[in-house]
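>>> based on what follows, work out the 3D shape:
(2 chains)
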Amino acid sequence: GIQVEQSPPDLILQEGANSTLRCNFSDSVNNLQWFHQNPWGQLINLFYIPSGTKQNGRLSATTVATERYSLLYISSSQTTDSGVYFCAVGIQGAQKLVFGQGTRLTINP
Amino acid sequence: KAGVTQTPRYLIKTRGQQVTLSCSPISGHRSVSWYQQTPGQGLQFLFEYFSETQRNKGNFPGRFSGRQFSNSRSEMNVSTLELGDSALYLCASKSGGSYNEQFFGPGTRLTVL
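Residues are numbered from 1 along each chain as shown, chains lettered A, B, ... in the order given. The predicted structure is shown next:
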């Protein structure tokens, strides 16, 4: 089956820093989503981005489907950005998401 | 629109018991998926239902089962609970096709003693 790898596994930054999270996938996808898991466990939708670039405030994402990777950018990090970020992909007809192992981001004040 | 809701939010059971978890999708969404999250295995797909039919199933033992009702609400059942079934169970809904964005509920945290 399709493999999804996220890097780095852990990232510790100071407030105000910028960060880039990467997601590599091993096959063609027709769905790619980025999530932030809050401390209570809920997955919060950040981006639905099977290809192209999107921006939402301090966050932006880029997916290069032909090269099988996606990047999540967080600028001017805040302590509330801390948590685990997941990339998940879906393939044609599979009706499911395959998740990476996540990147744990810690923003220190 | 109201988001995906899951009940109960927390559950404690003992080995050998069975448990039923419930999920109500976003209004108008006909697809409901279930995922299990554990520290060791991460987020894994359990099954997906659309219009009361299971369309896809993950690699879990037959003790894990589910169903969907005509109003798109879904339940999952785990029989003969094992310690390893302790996990966060997440439900997601989407409008239908495999390319559609999925939205997750808050989860049910199951502890098996």
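>>> can we go C-alpha only for contacts and neighbour counts from here?
Will do.
>>> what's the worst-scoring helix or strand of chain B on mean pLDDT in contact with?
The helix or strand with the lowest mean pLDDT-type score in chain B, counting by mean pLDDT, DSSP states H and E, is strand B:53-57 (a mean of 94). Contacts to strand B:53-57, defined as C-alpha atoms under 8 Å, 6 or more residues apart in numbering or on different chains, come from residues A:94, A:95, A:96, B:45, B:46, B:47, B:48, B:49, B:67, B:68.
>>> by neighbour count, which of these wins?
The most crowded member of those is residue A:96, carrying 29 neighbours; neighbours defined as other C-alpha atoms under 10 Å in any protein chain shown.
>>> test my guess that that residue contacts residue B:49.
No: Residue A:96 lies out of contact with residue B:49 (C-alpha atoms under 8 Å); the separation is 10.4 Å.
>>> now the common contact residues for the two.
With contacts taken as C-alpha under 8 Å, 6+ apart, the residues that reach both residue A:96 and residue B:49 are B:33, B:56.
>>> didn't residue B:65 look like it was pressed against residue B:77?
Yes: using C-alpha under 8 Å as the test, residue B:65 is close enough to residue B:77 to be in contact (5.2 Å).
>>> for chain A, which segments count as strands?
Listed in chain order, the strands of chain A (DSSP state E) span residues A:4-7, A:10-14, A:19-25, A:31-37, A:43-48, A:52-56, A:59-64, A:69-74, A:83-90, A:98-99, A:103-108.
>>> out of those, nearest to residue B:20?
strand A:43-48 (21.5 Å; C-alpha to C-alpha).
>>> parallel or antiparallel, list what pairs with that closest one.
In the sheet, strand A:43-48 lines up against strand A:31-37 (antiparallel) (DSSP bridges).
>>> show me how far the strand it pairs with is from its chain's centre.
Relative to the mean C-alpha coordinate of its chain, strand A:31-37 is positioned 6 Å out (C-alpha atoms, centre = their mean, to the nearest Å).
>>> return the set of residues that bridge with residue B:112.
Beta bridges link residue B:112 to residue B:13 when assigned by DSSP bridges.
>>> check contacts around it.
Contacts for residue B:112 (C-alpha under 8 Å, 6+ apart) come out as B:12, B:13, B:14, B:15, B:81, B:82, B:83, B:84, B:85, B:86.
>>> in helices only, show me those.
Counting by DSSP state H, no part of the contacts of residue B:112 is found in helices.
>>> check these and tell me the two furthest apart.
Taking C-alpha to C-alpha, the two most distant members of the contacts of residue B:112 are B:12 and B:84; they sit 13.2 Å apart.
>>> can you add pLDDT and give the contacts of residue B:112 back as TSV?
As requested, those are exported to TSV (pLDDT from 0 to 100):
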residue	pLDDT
B:12	98
B:13	98
B:14	98
B:15	98
B:81	98
B:82	98
B:83	97
B:84	97
B:85	98
B:86	98
